[in-house]
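Trainee: any chance you can model this:
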Amino acid sequence: MNETTPRVFIAATRQNDGKTTSSLGLLSALQEVYPRIGYIKPVGQRFVRIDEQKVDEDSVLMDRVYRLNCPLVDMSPIAVEPDFTRKYLQSSNNDVLVKRIQKAFDRVAWEKDFVLCEGTGHAGVGSVFDLSNAQVAKVLKAKVILVTQGGIGRPIDEVSLNQAVFQREGVEIIGVILNKVHIDKRDYVTEFARKGLKRKGLELLGVIPHQRLLCNPTLESIQEELSAELLNEQGRLHNLVEDVVVGAMGASNARGFFQEGVLIITPGDREDIVIAASPFTEDQPHPPLAGIVLTGNIRPSKHVLELIRSMPFPVLLARDDSYQVASKVHDLTVKIRPNDTQKILLVRDMIAKHVDVNRIVTLLQENA
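Mentor: Next comes the predicted model:
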């Protein structure tokens, strides 16, 4: 396997701590030092089908944003399907999987100045099939950056747990990035987290402030989560949802919630609320709502459907009732998508401002 191309492995202390967000921003920042950069997510758990191949969705994101000129199938060599673990425990073909990762890395690293490797969750994820993040980092001979959520006590506790797993595999952690730190606590957290990590022999490489925008889902992601039907073709599925209102009130009271960024969830037979929203769609520079979800699989009347087709924001029809829809929207894991231009620009800016990329490059070059 290629052992000469510089590389780094991005891991996290928990799922959804900001590993992919950090990887997305670091790719851009590292391109200032290494113009030809590659990316690989050796073990992926959320995948999409592209040309009959199962490819991790984060690999698709990186490829579409940065045009990395890497074989997409090699950027995502192992896709963990629902029955993957059972099949592995029956056959225990670890050598085959390890060689697949190594060969994929060689192809991704071909004619590249640097390769960013992204893990899946915490250090122990994948242990059941002998490919934990720590084991994969060892296979790739990569040093690790750990991403964890902002704070002091719990993040350092979780970093210590992960550090032990990586140390057991002989993998070096070069530092930690704290993500989603409240802006008003940033200086305080930075000072004491740096002291706490230093006691563990680790450097604080960056403190990224919390940005609500990155937590806001788009109507497109909500539509996919609900398997909902889009009732108007010109609806703006990239609208961001900043607030959710369940329309259980009368139309006159509902008008008070008609604001940009608001998603209205209401039963499909509450046509009064839909009609109340229609006057707000004429000659507006910005749509007054992010969108509407009609629930209970109740299709509006022909007259109301005509109004809906003229609305400049998405109107979805979902099978679930209003409570189920609201719960799913609330629990939705927000992932950055290739067409989330505003979020991608924000991520690039945050990493450039708040992560010491030059220090990362120096630490990777030491004892390389």
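Trainee: please enumerate the strands of the stretch 151-300 of the chain.
Mentor: All strands of the stretch 151-300 of the chain, identified by DSSP state E, counting those that start in this stretch, fall at 173-181, 204-209, 229-230, 243-246, 262-267, 291-295.
Trainee: nearest to Glu32, of the ones you listed?
Mentor: Nearest to Glu32, of all the strands of the stretch 151-300 of the chain, is strand 204-209, at 15.6 Å by CB to CB. (C-beta placed from N, C-alpha, C; glycine too.)
Trainee: counting by contacts, list what the closest one packs against.
Mentor: Contact partners of strand 204-209 among helices and strands, from 3 or more CB pairs under 8 Å, 6 or more residues apart in numbering; DSSP states H and E: strand 173-181, helix 186-198, helix 341-354.
Trainee: can you put the ones you listed in CSV and add mean pLDDT and distance to Arg67?
Mentor: Shown next, in CSV, are the helices and strands packed on strand 204-209 (pLDDT from 0 to 100; distance: least, CB to CB, whole Å):
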stretch, mean pLDDT, distance to Arg67
strand 173-181, 97, 25
helix 186-198, 95, 33
helix 341-354, 96, 13
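Trainee: who touches the helix or strand of the chain at the bottom of the mean pLDDT ranking?
Mentor: Here the helix or strand of the chain ranked lowest by mean pLDDT, DSSP states H and E is strand 47-50, holding a mean of 80. Defining contact as CB atoms under 8 Å, 6 or more residues apart in numbering, one finds that strand 47-50 is touched by Lys54, Val55, Asp56, Glu57, Val60, Leu72, Ser76, Ala79.
Trainee: partners of it in the sheet?
Mentor: strand 53-56 (antiparallel) (DSSP bridges).
Trainee: report the buried residues of the helix or strand that the strand it pairs with is followed by.
Mentor: Next along the chain after strand 53-56, taking DSSP states H and E as the criterion, comes helix 57-66. For helix 57-66, the neighbour count (16 or more other CB atoms under 10 Å) marks Glu57, Asp58, Ser59, Val60, Leu61, Met62, Asp63, Val65, Tyr66 as buried.
Trainee: and for stretch 14-24?
Mentor: Buried residues in stretch 14-24, counted by 16+ other CB under 10 Å: Arg14, Asp17, Gly18, Lys19, Thr20, Thr21, Ser22, Ser23, Leu24.
Trainee: which ones are touching the third one?
Mentor: Residues counted as contacts of Gly18 (CB under 8 Å, 6+ apart) are Ala12, Val147, Gln149, Ile177, Asn179, Lys180, Ile208.
Trainee: let's see it at 7 Å
Mentor: Val147, Asn179, Lys180 (CB atoms under 7 Å, 6 or more residues apart in numbering).
Trainee: my read: the last one touches Gly151, true?
Mentor: Think Lys180. No - counting by CB atoms under 7 Å, Gly151 is not a contact partner of Lys180; they are 9.1 Å apart.
Trainee: mutual contacts of those two, please.
Mentor: With CB under 7 Å, 6+ apart, Lys180 and Gly151 have no common neighbours.
Trainee: check Gly247 and give its pLDDT.
Mentor: pLDDT, Gly247: 86.
Trainee: cool, Leu317 as well?
Mentor: 97.
Trainee: how near is it to Glu32?
Mentor: As judged by CB to CB, to the nearest Å, Leu317 and Glu32 stand 47 Å apart.
Trainee: of these two, who's got more company?
Mentor: Leu317 (21 against 11; other CB atoms under 10 Å).
Trainee: could you pull up the residues touching the more buried one?
Mentor: Going by CB under 7 Å, 6+ apart, Leu317 touches Ala228, Glu229, Leu231, Gly268, Leu294, Asn297, Arg299.
Trainee: how does this protein divide up, domain by domain?
Mentor: Listed domain ranges for the chain are 7-211+336-365, 217-331 (source: automatic domain parsing).
Trainee: the shortest one: end-to-end distance?
Mentor: I take that to be domain 217-331. 11 Å (CA to CA, to the nearest Å).
Trainee: ok, back up a step: closest to Pro6 out of the buried residues of stretch 14-24?
Mentor: Ser23 (15.5 Å).
Trainee: I'd like the next helix or strand past the helix or strand where the closest one lies.
Mentor: Per DSSP H and E, Ser23 falls inside helix 19-30. Counting by DSSP H and E, the element after helix 19-30 in chain order, helix or strand, is strand 37-40.
Trainee: run through the neighbouring helices and strands of that following strand.
Mentor: helix 19-30, helix 94-109, strand 114-118 (3 or more CB pairs under 7 Å, 6 or more residues apart in numbering; DSSP states H and E).
Trainee: okay, angle between the last one and helix 19-30 too, please.
Mentor: In other words, strand 114-118. Per axes from the mean of the first three to the mean of the last three CA atoms, to 10 degrees, the angle that strand 114-118 makes with helix 19-30 is 170 degrees.
Trainee: convert strand 114-118 to CSV, retaining C-alpha atoms only.
Mentor: Taking C-alpha atoms only, strand 114-118 is exported to CSV below (Å, rounded to 0.1, in the frame of the first residue of the first chain):
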residue,chain,number,x,y,z
PHE,A,114,-2.6,14.6,0.1
VAL,A,115,-5.5,12.3,1.1
LEU,A,116,-8.1,13.2,3.7
CYS,A,117,-9.6,10.0,5.3
GLU,A,118,-12.9,10.3,7.1
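Trainee: quick revisit: could you dump the helices and strands packed on strand 37-40 to JSON lines with distance to Ser252?
Mentor: Shown next, in JSON lines, are the helices and strands packed on strand 37-40 (distance: least, CB to CB, whole Å):
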{"stretch": "helix 19-30", "distance to Ser252": "41"}
{"stretch": "helix 94-109", "distance to Ser252": "59"}
{"stretch": "strand 114-118", "distance to Ser252": "50"}
